[in-house]
Each structure stands twice: as structure tokens, then as C-alpha cells.
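Student: could you look at this predicted model? Sequence included:
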Number of protein chains: 2
Amino acid sequence: MGKLPAEGTQARRFGKTRSAQSTALLEDYAELIADLLEGEGEARPTDIARRLGVSHATAIKTIARLKRAGLATARPYRGVFLTEKGHALANRVRVRHRLVVDVLLALGVPTEAAEADAEGIEHYVSENTLKAFAQFLKIRE
Amino acid sequence: MGKLPAEGTQARRFGKTRSAQSTALLEDYAELIADLLEGEGEARPTDIARRLGVSHATAIKTIARLKRAGLATARPYRGVFLTEKGHALANRVRVRHRLVVDVLLALGVPTEAAEADAEGIEHYVSENTLKAFAQFLKIRE
DNA sequence: TATAAAGTGTAGCCTACACTACACTTTGAC
DNA sequence: GTCAAAGTGTAGTGTAGGCTACACTTTATA
């Protein structure tokens, strides 16, 4: 067991995983901001921070990163908004999240575990895997 | 769509995901070192670095972190070895990886995507989910 | 056995992501 | 309209994870 894949293959896989990690947080922020905008009408740094369990300073810094990435706009004391690109990302993330949770549930994972684990898993699910998930759920119906 | 879970619940989930992230790398290292020790008889920083696609300096720093965590031992120019704790971790990680890949394959995910995605997914699969995966595969037999 | 190649280790730098502490702006209550 | 509370922003710090550059040790080969 533990057979080693070819060196290059393994390195490529790890590299992909690392880069997925760096976008995971931005994806979570985009989704949360979209939810807050729809649910509360506004997305404020403090609310975002509370939801994510981090300090407001941390949230503000990440919001700055969202701006740099062209995903959000924000003016001092005036809340956070998503750009078109940000909205598109949030929607993609939502669909993916739903799909991952549904697959976990279909596999018999308890609801709370499915929701919690999906939070981490979803960021590492590729397009191909997503397609397979959708197909699997379709057949199950 | 995008319904908000209770504030505390959401914060707890994100916190869990964040802490999983910090152990993910150590898990990967432990598994790789175990594989190298079995396959090559030794685990050298340069080999580890090549497999993971990082510089040898980065690998050495992470090996230092493994030592601090009580997972590995290493003496200058003498290779890396796992402690009992490190071996236990490596074994747990291997079993989990196998299970995740097998479930993805059973769901119809193409082999290469299953292997690559599992690399990221595995670190976020809880005990409960793991149990459900095992059960699901058992039934499929 | 010298010496070049391969491997190892250290130092210094960068970014991301977390924190606390402090200062400032807005809002709301009296 | 004042002023306290709530929210926001900035600065400074720490760890993790990445890099390159340079110095050192070990190994292997001519």
C-alpha cells in the first residue's frame, strides 16, 4: 500500500490542492456576502466577521483582498457589495455547495456532518467530479 | 437558496474548516514520508520536496514543524523518520485517502479526477462521514 | 585521494490569515 | 444637539507556507 504515483503527477496534484486553498477563503466570503445582501439587505464587515468567527479586522483585510481580486467593491463605512464577477462566483459556489451536501446526504452522512464537512470539501471538487455528482443524484431520483 | 444558518453554527463550521487546513499539510508529509521509507528505504528532504513540488528549503521548514509536533525525527544529513505518533497519523491518513478515492470512483468520478480531488477532500472528511462512506461501499459490494 | 556534484541547512524576503490595540466615523437615544 | 455605543479602519505582531541565495556536508567518480 501507499504506492507512489509518478513524481510529476504527485507534484501537480499537490500544487492544484495548494492553489485551491488560496481561493477557498475568497469563495466563502463571496457566498456569505451574497447571502447577507439578499437576507439583510446589506453586508457589513462586523456581520461578516461574526458569521465567520473571526475578528472584524481580519474580515476587513480579506474584503480588501476581494477588492483587489475584482470580486467586491466597498467604500469606507458604506458596506460591501459584489461585482458582477463576485456574483458569478457566489452563484457557482452555492450550486457546488448544494451538490456536495446532497451527495453526502445521499451517501448516508448525517445532516450536520454533511453541512459541516461540505464547507471544507466543496473547495476541492473539480468540474469533472461535480459532473459525476450531478449525474449520480439524477440517477438516484 | 443561500439561507443563512445560525450565526454560531456557521462560525463553528468555518473554524473547524480552518483548523483542518493547518493540519492538512502535516498529514500529507506524514503519509509521503511513510511511503518513501517503505518504497525507497529512506526519506530525504530533496525527495520530499520533489514529490510535493516545492523547494527543498520549504520542505526542510515543514519537516521542522513535524518535529515540533512530535510526528517525526531528523538529524542533519541523516534523513527523516516518523515517530510512533507519526506512523499512526500516516496510517490513518492512508485509510482515509483510500476510502475517499473509492467512494469517488463508486460515484462515477474518472480515476485521475478522483485521485487528484481526494488529495484536497480527504482532509475535511469527519469521522461520521468516513463511517458513512465505509458503510456505503460495503452495501455496494 | 581530490574534487565536482548532489544534497542539506540557514538566512532573508514575501503573502495570507489570524490576532489585539487604538483611533476614527456613524448612529441612535436622551 | 450631545454624547455614548456600535461599527469601521489602521497599525503592529505572530505563524504558516512559499521562494531565492548562499554556505556547508556528504557522496561518488575520475
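Tutor: Everything's here; your move.

Student: other residues contacting stretch A:127-136?
Tutor: Outside stretch A:127-136, the residues that touch it by C-beta atoms under 8 Å, 6 or more residues apart in numbering or on different chains are A:96, A:99-100, A:102-103, A:106, A:125, B:104, B:107-110, B:113-114, B:117. Backbone N, C-alpha and C define where each C-beta goes, glycine included.

Student: list the buried ones in that stretch?
Tutor: By 16 or more other C-beta atoms under 10 Å in any protein chain shown, the buried positions in stretch A:127-136 come out as A:128, A:129, A:130, A:132, A:133, A:136.

Student: the fifth one: which element?
Tutor: Applying DSSP states H and E as the criterion places residue A:133 in helix A:127-140.

Student: run the chain-centre distance for that helix.
Tutor: The chain centroid and the centroid of helix A:127-140 are separated by 19 Å under C-alpha atoms, centre = their mean, to the nearest Å.

Student: do the same with stretch A:34-41
Tutor: Computed by C-alpha atoms, centre = their mean, the chain-centroid distance of stretch A:34-41 equals 16 Å.

Student: check whether stretch A:110-130 comes into contact with DNA strand C.
Tutor: No - counting by C-beta under 7 Å from any atom of the strand, DNA strand C has no neighbours in stretch A:110-130; the shortest distance is 10.8 Å.

Student: okay, that stretch in CSV with CA atoms only?
Tutor: Presented in CSV, the C-alpha positions along stretch A:110-130 are these (Å, rounded to 0.1, in the frame of the first residue of the first chain):
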residue,chain,number,x,y,z
PRO,A,110,-25.8,12.7,8.9
THR,A,111,-27.2,16.2,8.1
GLU,A,112,-25.0,18.2,10.5
ALA,A,113,-21.8,16.4,9.4
ALA,A,114,-22.8,16.8,5.8
GLU,A,115,-23.2,20.5,6.1
ALA,A,116,-20.0,21.0,8.2
ASP,A,117,-17.8,18.7,6.0
ALA,A,118,-19.1,20.2,2.8
GLU,A,119,-17.8,23.6,4.0
GLY,A,120,-14.3,22.2,3.5
ILE,A,121,-14.8,19.6,0.8
GLU,A,122,-16.5,21.9,-1.7
HIS,A,123,-13.4,23.9,-2.5
TYR,A,124,-11.6,20.8,-3.8
VAL,A,125,-14.2,19.4,-6.0
SER,A,126,-13.3,19.7,-9.7
GLU,A,127,-15.6,20.2,-12.6
ASN,A,128,-15.4,16.5,-13.6
THR,A,129,-16.2,15.4,-10.1
LEU,A,130,-19.1,17.9,-10.0
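
Student: buried stuff in it?
Tutor: A:113-126, A:128-130.

Student: avg pLDDT for that stretch?
Tutor: Mean pLDDT, computed over stretch A:110-130, is 97.

Student: now do that stretch: distance to the chain's middle.
Tutor: 9 Å.

Student: that one vs DNA strand D: in contact?
Tutor: No - Stretch A:110-130 does not reach DNA strand D (C-beta under 7 Å from any atom of the strand); its nearest approach is 14.5 Å.

Student: which outside residues touch stretch A:6-21?
Tutor: Identification of contacts with stretch A:6-21 by C-beta under 8 Å, 6+ apart yields A:4-5, A:123-124, B:21, B:28, B:50-53, B:115-116, B:119-120.

Student: change it to 10 Å
Tutor: A:4-5, A:27, A:123-126, B:21, B:24-25, B:28, B:32, B:35, B:47, B:49-54, B:112, B:115-123 (C-beta atoms under 10 Å, 6 or more residues apart in numbering or on different chains).

Student: now that stretch: buried residues?
Tutor: A:10, A:11, A:13, A:14, A:16, A:17, A:18, A:20, A:21.
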